[in-house]
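>>> turn this into a model:
(chains A and B)
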Amino acid sequence: MIVRCLGIALVLVCSGVWGAPPALPKGLGGLGTASPAAGNADAVDETDSALWPDLTLAGFWEGRSGIRTQDDPNQDQATLGETRLQLRLEHADERVTARLTTDFLLDAVQDQEQHGLDQTNGEGYVDLREASLAFRVSQQADIKAGRQVLTWGTGDLIFINDLFPKDWVSFLIGREVEYLKAPSTAVKLALFSDFVDLDLVYTPRFEPDRYIDGDRLSFFNPFENRPVGEDDNLHTDVPDQWWHDDEFALRLHRQLFGYQFAAYGYRGYWKSPAGFDLTNGNGIFPALSVVGASVEGPLGAGIGNLEIGYYDSRDDRDGDDPGIRNSELRVLAGYRQELARDLTLGLQYYLERMQDYGNYRDSLPPGNPSQDRNRHLVTTRLTRLVLDQNLRLSLFVFYSPSDDDGYVRPSATFSVDDHWTLEGGANWFFGDEKHTFFGQFQDNTNLYAAIRYNFAR
Amino acid sequence: MMNGMRMKSFGGLGAMLALLMVGGGALADGLTVEEIVQRTEQVAYYQGDDGKARVTMTITDGQDRVRNRRFLILRRDQDEDAGEGVAQQKYFVHIKYPADVKNTVFMVWKNPERDDDRWLYLPALDLVKRIAAGDKRTSFLGSDFCYEDISGRSINEDRHRLIATTDDYYVLDNVPKQPKQVDFSRFTMWIHRESFVPVRVEYFDAQDRKYREYEVLEVATIQGHPTVMKSRMNDLRDGGKTVLAFDRVAYDLGLPEGIFSERYLRHPPVSYLK
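Numbering: from 1, shown residues only, chains lettered A, B, ... in the order given. As a prediction, the model looks like this:
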């Protein structure tokens, strides 16, 4: 009784302090509150097609251009000048997912005639990003077959055990970062058990990186011992026999106490040219096997990751062939954390340690610049979201204290509305010398800008 | 945009503020404050053993520019209690709109005793990415709701006091135990006495000015559970507001635990995501 009286007294007191009680909403006895902003669901043009309910179409159109900020005696001023239409068709039901993602491309910088419909480097009129069929075979197995983008490993823009093809050209000239991953034509079998999960990927014909060959970006050609560009681009001998020049990749992984543990294996070829045919100067893709491991999970206030891999350069195990890259040990340690609201920081340390360094030095042709035994690299990523998260500012810095070179990637992406996106950024390369990993790209430093319209039906 | 949309953990189908804990003894209708806040939390975040909803988010900024988001959300409460009667929850969020992030998936294991585990799946890269647990007052998908509004504010973070009981409501005043971690100095909740739905929540700044207000606009009873179908968060400082509209709500679907895994991030459980 006393409590009840106190309650009433409180109501009397509080009605002044706390304001009038809210009207009961619709469904709790009220009639509901008319709200001008309520129920804007019609604006969302995500609809279910009556004809084929599980089929969706989405995509984008974009225009993108970029220029060098300095002269490159070996190149044009423009790095990018293209318009791209991407169409993504997807059918998904409980057992099967079928995806067809096609980019149609018109490019003012490259001569597309020479590439036509060629799918190896994404520079033709059509880039087939995905044409895949994924099935749930059983409780314990999934299969995905066809053209697809494959990714694993723990690094941020650094890859040790992910030996699926990368498109370094797109990355360095300022295409959307997802273009760093190039598609493979492959079969992936995923097996699941209580103890461990296993992914097996078979690529029947070697899928090289979309590497820097001088066409768009100049690079240091060690065979010619100078920077070269579009008039003197790299010719390569790519292993390309179906079922013979193939690749195997596997990953064993398991989640334990919030940590993801993984072991990896790969048997195939160096993904970018890793040597020269000494008779004709063509770039080659020597045989490569990799074994590795990683762990990723909570560390302090953020997420930490550690990954290692041993690169076994099978055609030059002694490291005494000057035309083939030596074996290497690669190590990556990373950490990322939210520093403040809408501000995140990522740090990585990466090491490439050449094996058989003495043999490398002994076999180096006279006059060629020598690499260090260890290549150290540190990276920093800062990401800041502002304007209600509609503007994303990002800065990624690679710096190598051993090569004394680096690469800075600032970018800004603004979502104008549900459909339109504006993007701008830079790729800035610096270095003391012309032959180091980033230093060789100094004359390619560029600015880019893009406008994109996204749609879905 | 992908990262710009800041995918953070979330959850509660009732999608609102959680609360509570209490010191004690005040009784209303024979309920202690502690019982009121626990039942409110139950209604907001733990109805059924699992649940699903489609959420359409309409964000209107102070200049009346409108942005929309749509996603499907699956929730499963783990069977075993991890102490305090609070079970681990697992969430699977499949983004449908806008087009640039369509089919992005966000998975959260909400742990009662430690930071959430969170993953993001980016379909264009076939990439499963582990993401760090962050500031829970960060805006959720650029809306006026913050992460904590959606996933539920932890049970021990505030001191609660019953300040009034009206015909329809319990009125609770809530003061954060660690005021430096949040942007409010206190908040009041109007909790519907019959359903335990928090119908209005008002946030006050350090000068005790109201700067943020949550309102329930519509409730429906689904499979016996009172469920918020439409709600709105108003930011009184910049004039922005976000409306959350729920449909396709269902409880006790028998969601298998296995779908909250990397396997299903890469190949989503389509039949549950309709």
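
>>> please state the backbone phi and psi of residue 138?
Went with chain A since none was named. The phi/psi pair for A:Ser138 (degrees, to the nearest 10) reads phi -160, psi -170.

>>> for it, name its beta-bridge partners.
A:Ser138 forms beta bridges with A:Ala141, as assigned by DSSP bridges.

>>> please identify the helix or strand for residue 56.
Picking chain A for this. strand A:55-68 (DSSP states H and E).

>>> oops, chain B please
B:Thr56 belongs to strand B:50-60, assigned by DSSP H and E.

>>> partner strands of that strand and their direction?
Short version: by DSSP bridges, strand B:50-60 pairs with strand B:66-81 (antiparallel), strand B:241-251 (antiparallel).

>>> ranking those by mean pLDDT, which is last?
Confidence, taken as mean pLDDT, is least for strand B:66-81 of the strands paired with strand B:50-60 (a mean of 86).

>>> the inter-axis angle of the helix or strand that that one is followed by versus strand B:50-60?
Once the chain leaves strand B:66-81, the next helix or strand it forms, by DSSP H and E, is strand B:87-97. Orientation of strand B:87-97 against strand B:50-60 (axes from the mean of the first three to the mean of the last three Cα atoms, to 10 degrees) gives an angle of 50 degrees.

>>> hang on, the earlier thing: the strand holding A:Thr56 near chain B at all?
Yes: judged by Cβ under 8 Å from any Cβ of the partner chain, strand A:55-68 comes into contact with chain B through A:Thr56, A:Ala58, A:Gly59, A:Phe60. C-beta: built from backbone N, CA, C; applies to glycine.

>>> closest to chain B out of the residues you listed?
A:Ala58 (5.0 Å; Cβ to the nearest Cβ).

>>> ok, and the closest non-adjacent residue to that closest one?
Take A:Ala58 and drop its neighbours on the chain: the residue closest to it by Cβ to Cβ, 6 or more residues apart in numbering or on different chains is A:Ala456, 3.9 Å away.

>>> what about the one you found, how many neighbours?
22 (other Cβ atoms under 10 Å in any protein chain shown).

>>> so who does it touch?
Shown in contact with A:Ala456 (Cβ atoms under 8 Å, 6 or more residues apart in numbering or on different chains): A:Asp45, A:Glu46, A:Thr56, A:Leu57, A:Ala58, A:Gly59, B:Tyr97, B:Pro98, B:Ala99, B:Lys102.

>>> try 6 Å
Taking Cβ atoms under 6 Å, 6 or more residues apart in numbering or on different chains, we find A:Ala456 in contact with A:Ala58, B:Ala99, B:Lys102.

>>> residue of the stretch 101-250 of chain B closest to chain A, please.
Closest point on the stretch 101-250 of chain B to chain A, by Cβ to the nearest Cβ, is B:Val219, at 3.3 Å.

>>> which residue sits closest to that residue, ignoring its sequence neighbours?
Nearest-residue entry for B:Val219: A:Gly27, 3.3 Å, with adjacent residues in sequence omitted and distances by Cβ to Cβ, 6+ apart.

>>> and the one you found, what's its pLDDT?
85.

>>> where does the residue sitting nearest the centre point of chain B sit: helix, strand or coil?
Taking Cα atoms, centre = their mean, the centroid of chain B lies closest to B:Ile150, which sits 2.0 Å from it. Put simply, B:Ile150 is helix when judged by DSSP: H, G, I helix; E, B strand; the rest coil.

>>> could you give the number of residues near residue 168?
Unless you meant another one, I'm taking chain A. Residues lying near A:Trp168 (other Cβ under 10 Å) number 19.

>>> correction: the question concerned chain B.
So B:Asp168, with other Cβ under 10 Å, has 19 neighbours.

>>> any idea how far A:Pro22 is from it?
As judged by Cβ to Cβ, to the nearest Å, B:Asp168 and A:Pro22 stand 9 Å apart.

>>> again, but for B:Lys129
B:Lys129 is 41 Å from A:Pro22, by Cβ to Cβ.

>>> same check on B:Val37?
From B:Val37 over to A:Pro22 the distance is 18 Å, taken as Cβ to Cβ.

>>> which parts of the stretch 101-250 of chain A are strands?
Here the stretch 101-250 of chain A has its strands, by DSSP state E, counting those that start in this stretch, at A:126-138, A:141-148, A:184-191, A:197-203, A:219-221, A:226-228, A:236-237, A:247-256.

>>> one more: the stretch 101-250 of chain B?
B:105-110, B:117-122, B:127-131, B:158-165, B:169-176, B:186-192, B:198-204, B:210-222, B:225-235, B:241-251.

>>> and the stretch 151-274 of chain B, which residues reach chain A?
Contact residues (Cβ under 6 Å from any Cβ of the partner chain) of the stretch 151-274 of chain B with chain A: B:163-166, B:169, B:171, B:190, B:192, B:199-200, B:216-220, B:241, B:243, B:245, B:267, B:270-271.
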